[in-house]
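Chemist: Fold the following and give me the result.
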Amino acid sequence: MASGVGSANPVNPQEIVIPAELRPLDGRFGSGPSKVRPEAVAALARSASGYLGTSHRQAGVRSMVGRLRTGLRQLFSLPEGYEVVLGNGGTTVFWDAMVFCLIERRSLHYVFGEFSAKCAEAARRAPHLDDPQIVESQPGTRPGFVAPGDCDLCALTHNETSTGVMMPVERPDTGALVAVDATSGAGGLPVDPRAFDVYYFALQKSFASDGGLWVALCSPDALERIQAISRSGRYIPASLDLGVALEQSRQDQTLNTPALATLFLAVEQIDWINDQGGLEWAAARCDRSAEIVYSWAEGSPRAAPFVTEPAHRSRVVATIDLEPRIEAAAVTRTLRVNGILDTEPYRKLGRNQLRIGMYPAIEPDDVAALTRCIDYVIDTLESARGGD
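Modeler: Sure thing, here's the model as predicted:
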């Protein structure tokens, strides 16, 4: 279904007013950047005079980096020897760092959407590496696991943000490292750290912060690989050198000035999740929101989950197709003018679709309210068209 399908509505979507009693208390449902809890923003404001605009080499910021690393160790129950490494940039930067510092010669990539494809492309374009092995499936599905053969790194994606498909994190029975892009999955989906060597993510999704930093949870084998390649003589730009990032992280700092607000907001979110019950609590909360959305879509004559296999449907990002006669763009425009934000589909997927973030910061009750608002908007648009 291509977007923009259907006849023009005689009513201006921007003039539809959703009754206040139907609306969510917080209208942010973006898939990244995602909702930032007001309590975290208030905490940042209270701390601003002694934190924002201060040196990242001094105790104020370094203690925040230390809290981030300690909080993530607790959240993910990291085994002995695993370390939390962080650096400037986001996941896109980490793909380049992975190409320089984690892949020895050849990697295997599971591709099932825009972001898993970009990771594979980074490896394909690297002149010092052999062409990667690609295992691909169509958007809305996920590929099956294969033997990695001569590949020394397997690149997985825990949650494909563009399509709303999640993939299990599994370790092949070989010596290959397992590197998992967990940008939209980390903090909202359960994971066993013994199944990965590198679990990397940015902080603007489940961790309810802004962009500007990447974080990688690294096993002893991954740390050994990073240090060996760093010593090998391979050219590595300093800003992408995971060996440098590891040294700096062990000192609770980054090579260059980090995004201080991003760091603070992420720590607030991590502490909040840990205080509520940790990753198990966060995943259960996301499950509740996902059940609300998918049950609504399956019971609606005008909507359906884009991902047809229930076990493959993301619990943190839902993609919902609308019937061709209902213009998704009109629905999202109407929601936006009513303060309900960022329900648009991923732009390159090109479907008549809604995409709904369901991260831990988002209240399940607000997700339920969103479904009622969508129904109200569709009913109003359909009524204006005479219900054809």
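Chemist: end-to-end on stretch 96-113?
Modeler: Start-to-end span of stretch 96-113 (CA to CA, to the nearest Å) is 18 Å.
Chemist: Pull the distance from it to the chain's centre.
Modeler: Stretch 96-113 has its C-alpha centroid displaced from the chain centroid by 19 Å (CA atoms, centre = their mean, to the nearest Å).
Chemist: Kindly report the same for stretch 89-97.
Modeler: Stretch 89-97 sits 14 Å away from the centroid of its parent chain (CA atoms, centre = their mean).
Chemist: what's in contact with it?
Modeler: Contacts with stretch 89-97, where a contact means CB atoms under 8 Å, 6 or more residues apart in numbering, come from 87, 115, 118-119, 122, 181, 183, 200-202, 204, 211-214, 216, 239-242, 245. Heads up, the C-betas are built off the backbone N, CA and C, glycines and all.
Chemist: are any of the residues you listed buried, and which?
Modeler: Buried positions within those, assessed by neighbour count (16 or more other CB atoms under 10 Å), are 87, 115, 119, 122, 181, 183, 200-202, 204, 211-214, 216, 240-242, 245.
Chemist: among the residues you listed, which are in helices?
Modeler: Among the buried ones among the contacts of stretch 89-97, the residues falling in helices (DSSP state H) are 115, 119, 122, 242, 245.
Chemist: what's the farthest-apart pair in those residues?
Modeler: Greatest spatial distance among these (CB to CB): 115 and 245, at 21.2 Å.
Chemist: Please identify the helix or strand for residue 291.
Modeler: Here residue 291, judged by DSSP states H and E, is contained in helix 278-299.
Chemist: Format the CA atom coordinates belonging to that helix as CSV.
Modeler: The C-alpha trace of helix 278-299 is given here as CSV (Å, rounded to 0.1, in the frame of the first residue of the first chain):
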residue,chain,number,x,y,z
GLY,A,278,15.0,-3.0,36.1
LEU,A,279,14.9,-4.5,32.7
GLU,A,280,12.2,-7.1,33.5
TRP,A,281,9.9,-4.3,34.6
ALA,A,282,10.7,-2.1,31.6
ALA,A,283,10.1,-5.0,29.1
ALA,A,284,6.8,-5.9,30.8
ARG,A,285,5.7,-2.3,30.6
CYS,A,286,6.5,-2.2,26.8
ASP,A,287,4.7,-5.5,26.4
ARG,A,288,1.5,-4.0,27.9
SER,A,289,1.7,-1.1,25.4
ALA,A,290,2.4,-3.5,22.5
GLU,A,291,-0.6,-5.7,23.4
ILE,A,292,-2.8,-2.6,23.5
VAL,A,293,-1.7,-1.5,20.0
TYR,A,294,-1.7,-4.8,18.3
SER,A,295,-5.0,-5.9,19.8
TRP,A,296,-6.6,-2.7,18.7
ALA,A,297,-5.2,-3.1,15.1
GLU,A,298,-6.2,-6.7,14.9
GLY,A,299,-9.7,-5.9,16.0
